[in-house]
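In: predicted model follows, preceded by the sequence.
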Amino acid sequence: MKKIKIIYWSTTGLFALMMLGSAIPDIVSSDVAVKGMHEGLGYPLYLIPFIGIAKALGVIAIVVPGFARIKEWAYAGLFFDLAGASFSIYSSGERGANLAFMIVPVLLGVISYIYYHKRQSTSQTQYNLA
């Protein structure tokens, strides 16, 4: 159980930091976010802060204990964001480091999600035995 908790919180913490780190520039519509999303990918300006706020809410949902159903939706939303970002980068013609970097948050998210469910199943088993 301790190993599962350590892996879960380590990967979830890193995943949350990466997603929050990408959400903050979007929320404030920083020059980097505008250049990358609007000028580079062609997204409308009004969509940039919306995506940032959605990512930040997703991060809060996966970090706060409890709320299993909301957590499931948050993981789904964050994965949709990553899938959309990866597809957008690929479609824009980028085939180098920007696309390869997307593997890191995807892997962290997958491991976090897997260990979230392992943690849930071990805690339910533990309560059933008592």
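Out: Here it is on my side, so go on.
In: name the nearest residue to residue 26, sequence neighbours excluded.
Out: Ranked by CB to CB, 6 or more residues apart in numbering and with sequence neighbours excluded, the top spatial neighbour of residue 26 is residue 52, at 2.8 Å. To be clear about C-beta, it is placed using only N, CA and C from the backbone, and glycine gets the same treatment.
In: give the contact list for the one you found.
Out: 22, 23, 24, 25, 26, 27, 28, 33 (CB atoms under 8 Å, 6 or more residues apart in numbering).
In: not counting sequence-adjacent ones, nearest residue to the spatially most central residue of the chain?
Out: Taking CA atoms, centre = their mean, the centroid of the chain lies closest to residue 78, which sits 4.1 Å from it. Nearest residue to residue 78, sequence neighbours excluded (CB to CB, 6+ apart): residue 58, at 4.6 Å.
In: any figure for the gap between that neighbour and residue 88?
Out: Remark: distance between residue 58 and residue 88 (CB to CB, to the nearest Å) = 18 Å.
In: any idea which helix or strand in the chain has the lowest mean pLDDT?
Out: When each helix and strand of the chain is scored by mean pLDDT, DSSP states H and E, helix 97-101 comes last, with a mean of 81.
In: residue 58 and residue 88: which has the busier surroundings?
Out: For the pair residue 58 and residue 88, the greater number of neighbours falls to residue 58 (25 against 16), based on other CB atoms under 10 Å.
In: which residues in the chain form helices?
Out: 2-27, 31-33, 47-63, 68-91, 97-101, 103-129 (DSSP state H).
In: tell me the contacts of residue 63?
Out: Residue 63 neighbours (CB under 8 Å, 6+ apart): 12, 13, 16.
In: which of those are buried?
Out: 12, 16 (16 or more other CB atoms under 10 Å).
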